[in-house]
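S.K.: Have a look; sequence and predicted model below, questions after that.
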Amino acid sequence: MQREIYRIITTIKEKTGILVSVLSEDKDIDVSTFNDYFKISDRHLKSKQEVITSREENKTYFKFTFNGIKCTACIDGVDKISLNYANFIKDYIEANQVKTVELSYGEEYLSIVTGGSSKSRTAHFINKYSVSKNSCLCMIVKCNNEKANEVSEFLKDYTVNNSDNALVLDLNTCAFIKFIDKDVFDEYMSMTEYAKAIIRSLYEELGINATIYLGGKVSSFNDINISYVQALTAEKMNLTFGGKSEISSYKDYILVKIAEEISKSKALEYINAILDEDAKEIITDEELLLTGEEFLRNDLNISETARILHVHRNTLMYRLNKIEKISGLDLRKFNDSLDFKIVSVLNRLVK
């Protein structure tokens, strides 16, 4: 890899006279065509900015990705011309990797989804394969008994156009990329309902139990890695909250992300404001806590919650009544359910 990048920046020097230094995020790639070798500092390497001008050094720094490896490069100058050169060199380096590494359609698609591809490489792929311009999202589909290949084949029945794809990530995991065709999705209330249909069909047709984690919808395939990361976050959050849900959406955990900014002492203060000492049994009793959380997660649907928890409706009603008796919170009422949600989120985070 280092040899390939050095060859590219040497070509740039020969054709334009521009000197370039490159350092990868992991520091395995460290090359330069400067006569006096110029070392890129950790400060610039760790910066999140795509382009940085440093007047004290008289250097313009820029980020690029080469075959999935994130790098920082720099050239001389801080004026508008230097900035234009930086953008040109970035595009030139990233374009060269398309020529040097030829991946199959499936390999390239997977690389884009999981964040291993550069923006220019992604654009090249989209143009080459006429990828849909519709918005899209990523679902992570987890199954049991190492049946990811069967699930991947099954999901092909849910594809509408050539851009939809089911990718095997490991023996028990698939990533399902779904483009949003409004004409097709009019019959579904939401992507959650769509995911429920997949889970139901997987069980009824193949006897496979599955769990789905939904990333958010993004405007185009260029940003599909954002949705993929969100789906992984939904999986992590679901495990934090007991791991009982068949379907978890990143959107469901926005409150969690907000709560993470609150200090432990402030979180305990809020819990104490909602629950007195006797009422705290509902968060120390894991069965009651999970029951309440699952009830809210399923939109206060008694039948669906009982099915997921594998309990009789009467058992579920008994537990909900017990929560109300202990805490005074009737989870069938909006304000009380909101209080319970806040308490459960804060409680999970301070454990």
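M.R.: All right, it came through fine. Numbering: from 1, shown residues only.

S.K.: can we go C-alpha only for contacts and neighbour counts from here?
M.R.: Fine.

S.K.: can you map out the strands along the stretch 201-350 of the chain?
M.R.: Here the stretch 201-350 of the chain has its strands, by DSSP state E, counting those that start in this stretch, at 210-214, 247-249.

S.K.: Tell me which of those strands approaches residue 11 most closely.
M.R.: Within these, the stretch nearest residue 11 is strand 210-214; the backing value is 44.5 Å (Cα to Cα).

S.K.: need the helices for the stretch 51-200 of the chain, in chain order.
M.R.: In chain order, the stretch 51-200 of the chain shows helices spanning 80-100, 105-113, 119-128, 148-155, 182-185, 191-206, with DSSP state H, counting those that start in this stretch as the criterion.

S.K.: Next, format those helices as TSV and append mean neighbour count.
M.R.: Output for those, formatted as TSV (neighbours: other Cα atoms under 10 Å):
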stretch	mean neighbour count
helix 80-100	16
helix 105-113	17
helix 119-128	16
helix 148-155	19
helix 182-185	10
helix 191-206	15
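
S.K.: For residue 49, which of those helices is the nearest?
M.R.: Of all these, the one in closest proximity to residue 49, counting by Cα to Cα, is helix 80-100 (13.5 Å).

S.K.: helices or strands up against the closest one?
M.R.: Packing contacts for helix 80-100, counted by 3 or more Cα pairs under 8 Å, 6 or more residues apart in numbering; DSSP states H and E, involve helix 2-16, strand 59-66, strand 69-76, helix 119-128.

S.K.: okay if I get the ones you listed as JSON lines plus mean pLDDT and distance to residue 152?
M.R.: Below are the helices and strands packed on helix 80-100 laid out as JSON lines (pLDDT from 0 to 100; distance: least, Cα to Cα, whole Å):
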{"stretch": "helix 2-16", "mean pLDDT": "88", "distance to residue 152": "35"}
{"stretch": "strand 59-66", "mean pLDDT": "93", "distance to residue 152": "29"}
{"stretch": "strand 69-76", "mean pLDDT": "93", "distance to residue 152": "28"}
{"stretch": "helix 119-128", "mean pLDDT": "86", "distance to residue 152": "22"}
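
S.K.: and those as TSV, adding distance to residue 94?
M.R.: Written out in TSV, the entries for those read as follows (distance: least, Cα to Cα, whole Å):
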stretch	distance to residue 94
helix 2-16	10
strand 59-66	6
strand 69-76	11
helix 119-128	6
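
S.K.: ok, the residue nearest the centre of the chain - contacts?
M.R.: With distances taken as Cα atoms, centre = their mean, residue 229 lies nearest the centre of the chain, 1.3 Å away. Residue 229 makes contact with 114, 215 under the criterion Cα atoms under 8 Å, 6 or more residues apart in numbering.

S.K.: just residue 115 next, same as before
M.R.: Taking Cα under 8 Å, 6+ apart as the criterion, residue 115 is in contact with 68, 225.

S.K.: pLDDT value on it, please?
M.R.: Confidence at residue 115, expressed as pLDDT, is 85.

S.K.: and residue 112, which of the helices and strands packed on helix 80-100 is closest to it?
M.R.: helix 119-128 (6.5 Å).

S.K.: Dump the closest one to CSV, keeping only the CA atoms.
M.R.: Extracted as CSV, the C-alpha positions of helix 119-128 are listed here (Å, rounded to 0.1, in the frame of the first residue of the first chain):
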residue,chain,number,x,y,z
LYS,A,119,-16.3,9.3,-1.6
SER,A,120,-14.8,9.3,-5.1
ARG,A,121,-14.8,5.5,-5.2
THR,A,122,-18.4,5.4,-4.1
ALA,A,123,-19.3,7.9,-6.8
HIS,A,124,-17.5,5.8,-9.4
PHE,A,125,-19.5,2.7,-8.2
ILE,A,126,-22.8,4.5,-8.3
ASN,A,127,-22.2,5.7,-11.9
LYS,A,128,-20.8,2.4,-13.1
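
S.K.: Not counting it itself, show me its contacts.
M.R.: By Cα under 8 Å, 6+ apart, the surrounding residues in contact with helix 119-128 are 91, 94, 95, 97, 98, 108, 112, 131, 221, 222.

S.K.: now stretch 32-45
M.R.: Residues outside stretch 32-45 that contact it (Cα under 8 Å, 6+ apart): 6, 9-10, 13, 19-25, 52, 61, 71-74.

S.K.: so can I have CSV of the strands of the stretch 201-350 of the chain showing mean neighbour count, distance to residue 173 and mean pLDDT?
M.R.: As requested, these are exported to CSV (neighbours: other Cα atoms under 10 Å; distance: least, Cα to Cα, whole Å; pLDDT from 0 to 100):
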stretch, mean neighbour count, distance to residue 173, mean pLDDT
strand 210-214, 25, 10, 94
strand 247-249, 24, 14, 87
